[in-house]
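Engineer: coords please:
(one chain, ligands or ions: 3)
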Amino acid sequence: MRIIKNAKIFAPKYVGKADVIFHNRIIHISKDINPFFFPFEVEIYDASGLLLLPGLIDPHVHITGGGGEGGFETRTPELKISDCIKNGITTVIGCLGTDGVTRSLENLYAKAKSLENEGLSTFIYTGSYRVPPVTFTGSVVKDIVLIDKVIGVGEIAISDHRSSQPTFEEILRIVADARVGGMISGKAGIVNFHVGAGKRGIDYLFEIIKNTEIPIHHLYPTHMSRNERLFEQGLEFATKGGMIDLTALQPENDEPSKREFNTVDAILKAYENKLLENITISSDGQGSLPKFDEMGTVVGLSVGSVSSVWYTIRKVVERGLPLEKAIEVSTINPAKVFKLSKGRIEKGYDADFILVNEENLEIVSVVSKGEFLMKDGVLKNLNFEF
Ligand SMILES: CC(C)C[C@H](NC(=O)C[C@H](N)C(=O)O)C(=O)O
Ligand SMILES: [Zn+2]
Ligand SMILES: [Zn+2]
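Structural biologist: Ligands and ions are numbered 1, 2, ... in the order given. Below is the predicted model:
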């Protein structure tokens, strides 16, 4: 049993100073809880001067590494759990990308279990860019029903020169399978679409909600702030109740010289259009961020970082959005997409917290499933991380 005292609590809504008592879930929140009242030992953490926020959810991370679009030497490294903890990420959804040949679902599953055993909450998508999707069992429905960590299918590439050029019917079948698999297993059953820069954008998704019985919440496109045109299409999708995911602004891509439309602008624009509740952001962590020339040849390739999620939130706050609104894109919004009891500082929710310095928004401590993974800047012992 633990108690965090004197924190300013953002649930995400700012609820003032209070104490939180928790085990793996939040038990009670109120002012001046007396830890000596209990007949058992309660560990006390004094959070005076700190903000207490829900742990961040990162909906799209290449936890086993990705890349490869420029040949074998461009295969990116796998995720280090310390990068998640230091950047306040307590829940991760892992995926495969372009390379579904040398990257396997079995490896993805093992890495997700590794991250879980060391303290995070993890889920995975079955499939990769290509259609028909690579699966564990030979069937998308069976994967979602029988493999606990599988929460949906992704990242299925559309409107991209690296996609398998799937037909509408192929995409529709994958969405239908994800829906029924989700229903049978009580999971979200979503399809995370990798949307490229191609002019067809998310036309397929509009066709599905217009011409079929499938509810919009199974469709979850990412990279939707890749360019302004695609983002506009994404906002239209949001007006119909759809959730869109934006790849977070990567710290090294944010030099003023590179000032083009980016995810911070997109979040502010969504807020202005009263569509912030339809937005999530993801890091594309350890995924490749390749640049192609007009012939489609890779001319540059960097690696996504899970640090981009909190970095983007801080940039949005710097641009004037209140913190209690900015954090919604990485707490209550993704929690809604994946139907998780996370993302809120409320009784009964998972005890996933980040404690943040009020002055500079530096992350000081991180709690996941009731355990401190980082306390006052000191990480817990982690395998192979010295
Ligand atoms: C959103 C842009 C900047 C990055 C995006 N990354 C991926 O999709 C992941 C990558 N292909 C991998 O398999 O590791 C892209 O390539 O379009
Ligand atoms: Zn992608
Ligand atoms: Zn990706």
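Engineer: Next, the buried residues of the helix or strand hosting Gly154.
Structural biologist: With the criterion set as DSSP states H and E, the secondary-structure element containing Gly154 is strand 150-158. For strand 150-158, a neighbour-count test (16 or more other Cβ atoms under 10 Å) marks 150-158 as buried. In short, each C-beta sits where N, CA and C put it, glycine included.
Engineer: Which residues does the helix or strand just after it contact?
Structural biologist: Note on strand 150-158: by DSSP H and E, the next helix or strand toward the C-terminus is helix 168-185. By Cβ atoms under 8 Å, 6 or more residues apart in numbering, the surrounding residues in contact with helix 168-185 are 127, 131-133, 139-145, 152-153, 156, 158, 187-191, 204, 207-208, 212, 214-215, 218-219.
Engineer: in stretch 43-62, what counts as buried?
Structural biologist: Applying 16+ other Cβ under 10 Å to stretch 43-62 flags 45, 47, 50-62 as buried.
Engineer: Closest one of these to ligand 2?
Structural biologist: Nearest to ligand 2 among the buried residues of stretch 43-62 is His60, at 7.4 Å by Cβ to the ion.
Engineer: Ramachandran angles for that closest one?
Structural biologist: Summarising the backbone geometry of His60 under the convention degrees, to the nearest 10, its torsions are phi -160, psi 100.
Engineer: list the contacts for the residue in the stretch 251-386 of the chain that ligand 3 sits nearest to?
Structural biologist: Closest to ligand 3 within the stretch 251-386 of the chain is Gly287: 3.9 Å, counting by Cβ to the ion. Under the criterion of Cβ under 8 Å, 6+ apart, the neighbours of Gly287 are 60-62, 66-67, 76, 97, 303-304.
Engineer: neighbours of the nearest residue to Gly189 once chain neighbours are set aside, just the number please.
Structural biologist: Computed as Cβ to Cβ, 6 or more residues apart in numbering, the closest residue to Gly189 that is not its neighbour in sequence is Gly182, at 1.6 Å. A count of nearby residues for Gly182, using other Cβ atoms under 10 Å, gives 21.
Engineer: again with Lys339
Structural biologist: Neighbouring residues of Lys339 were enumerated by other Cβ under 10 Å; the total is 15.
Engineer: wait, doesn't it sit right on Ala188?
Structural biologist: Yes - assessed by Cβ atoms under 8 Å, Lys339 is found in contact with Ala188 at 4.8 Å.
Engineer: Pretty sure Ala7 sits in a helix.
Structural biologist: No - with DSSP: H, G, I helix; E, B strand; the rest coil as the criterion, Ala7 is assigned strand and is not in a helix.
Engineer: Could you list the residues of the protein in contact with ligand 3?
Structural biologist: Proximity of the chain to ligand 3 is assessed by Cβ under 5 Å from the ion, with 97, 284, 287 identified as the residues in range.
Engineer: of all the residues you listed, which comes closest to ligand 1?
Structural biologist: Ligand 1 lies nearest to Gly97 out of those, by Cβ to the nearest ligand atom, at 2.1 Å.
Engineer: so which helix or strand takes in the closest one?
Structural biologist: Assigned by DSSP H and E, Gly97 belongs to neither a helix nor a strand.
Engineer: That one touches Gly66, doesn't it?
Structural biologist: Yes - with contact defined as Cβ under 8 Å, Gly97 reaches Gly66; the gap is 4.0 Å.
Engineer: coming back round to it: could the residues of the chain next to ligand 3 be laid out in a markdown table, adding distance to Leu276?
Structural biologist: Putting those into a markdown table (distance: Cβ to Cβ, whole Å) gives the following:
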| residue | distance to Leu276 |
| --- | --- |
| Gly97 | 27 |
| Asp284 | 21 |
| Gly287 | 25 |
